[in-house]
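Student: I need the structure of the sequence given here:
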Amino acid sequence: MDKVLLKDLKKQDKYTKFFQNWAEQEFKAHPNERRLLENLEALSQSIGMNEGLLIACFDYRNLKLAFFTGEVEKLTGYPEEMFRKKGMETSFTMVHPDDREELFKFQKIVFDAFHSLSLNERHSFEFSYITRWVHRTTGEVSWMMAKVRPYLIDKDGNFAMDLHIIVKLLTPPKFKGYDWNYSYTKDDGTRIIVSKDSPNDKEVKLTKKEKEVVELMLEGMESKDIGEKLNISINTVGTHRKNILRKLGAKNVAEMVKILASYEF
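Tutor: Just a heads-up that it's a prediction; the model follows:
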């Protein structure tokens with residue numbers, strides 16, 4: 001039965017078809033493509049691949065995986081051969097069935113948002129998502145978080161290849177199902193963040209002190225430590241946290257941190 005499933009997977013394109021509009025972009029050649037992939041290989045070797053960490057590149061010109069590393073077979077149950085031959089199709093086959101509909105909706109949101117931007121804005125674009133993978137042989141469900149950004153944009157601004165950094169979550173998130181957000185910096189310097197829960201553009205205008213608080217929060221520092229670092233009272237830190245939460249439209253600190261993870265300074 002297992003061999004039959006792999007044999008059928010080699011023939012199918014029922015999930016890849018949702019990305020056909022990506023492949024229909026009018027791509028231009030990129031002179032540094034080979035060097036970019038070589039740099040990625042060197043990077044993956046230098047950082048070392050921890051258990052539960054994957055690096056991968058989707059190539060939207062042929063809807064395949066241009067690069068992947070990590071213990072992919074151990075983590076997913078799918079042979080490395082399947083990722084080499086049917087990389088994109090295999091990747092979406094292992095996604096939990098209840099997450100796929102939202103995943104395919106999100107890819108269209110990403111595509112439309114990216115192509116509405118200026119060339120400079122496209123180079124600042126990135127997105128994140130959390131989803132569930134189902135192990136092919138054991139049926140074990142794992143929560144995975146990915147941070148993604150363009151790795152190769154051609155001279156006409158087409159999104160040719162992305163870079164996925166994927167981490168297995170040690171504990172399941174409080175929410176259920178597929179979750180996402182994307183962000184970019186406008187030409188005027190304003191950072192725009194859009195999330196699944198609040199899918200309207202947000203113009204994030206933080207003060208200098210709020211940005212400093214954000215940076216320390218993302219480093220995992222508590223309010224007391226932030227106050228000592230910035231030489232302000234813990235009550236002032238609390239005020240800054242409340243203002244940041246309000247400006248981001250986040251409901252709680254957990255959601256605020258999730259949104260801030262895609263914020264650039």
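
Student: rest of the way, CA atoms for contacts and neighbours
Tutor: Fine.

Student: need the strands for this protein, in chain order.
Tutor: Along the chain, the segments classed as strands by DSSP state E run 53-59, 64-69, 126-134, 141-153, 159-168, 179-185, 191-195, 203-204.

Student: from these, which stretch is densest packed?
Tutor: Ranked by mean neighbour count, the strands of the chain are led by strand 179-185 with a mean of 24 (mean count of other Cα atoms under 10 Å).

Student: Let me see the contact set for Arg241.
Tutor: 210, 213 (Cα atoms under 8 Å, 6 or more residues apart in numbering).

Student: ranking the strands of the chain by mean pLDDT, which is last?
Tutor: With a mean of 65, strand 203-204 has the lowest mean pLDDT of these.

Student: Touching, His240 and Val213? I think so.
Tutor: Yes. Between His240 and Val213 there is a contact at 7.4 Å, judged by Cα atoms under 8 Å.

Student: For the two, indicate the residue with more neighbours.
Tutor: Per other Cα atoms under 10 Å, whichever of His240 and Val213 has more neighbours is Val213, with 23 against 20.

Student: For Thr137, see how far away the more buried one is.
Tutor: 45 Å (Cα to Cα, to the nearest Å).

Student: where's Gln12 relative to Gly249, distance?
Tutor: Applying Cα to Cα, the value for Gln12 to Gly249 is 42 Å.

Student: Counting neighbours, go ahead and name the busier of the two.
Tutor: The residue with more neighbours, out of Gln12 and Gly249, is Gly249; 16 against 13, by other Cα under 10 Å.

Student: Phi first, then psi, for the more buried one.
Tutor: As for Gly249, its main-chain torsions (degrees, to the nearest 10) stand at phi 70, psi 20.

Student: Check the separation of the first and last residues in stretch 132-145.
Tutor: Using Cα to Cα, one end of stretch 132-145 lies 9 Å from the other.

Student: How far off centre is it?
Tutor: From the chain centre to the centre of stretch 132-145 is a distance of 18 Å (Cα atoms, centre = their mean, to the nearest Å).

Student: Next, format the strands of the chain as TSV and append distance to Val257.
Tutor: Shown next, in TSV, are the strands of the chain (distance: least, Cα to Cα, whole Å):
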stretch	distance to Val257
strand 53-59	21
strand 64-69	28
strand 126-134	13
strand 141-153	14
strand 159-168	17
strand 179-185	12
strand 191-195	12
strand 203-204	14
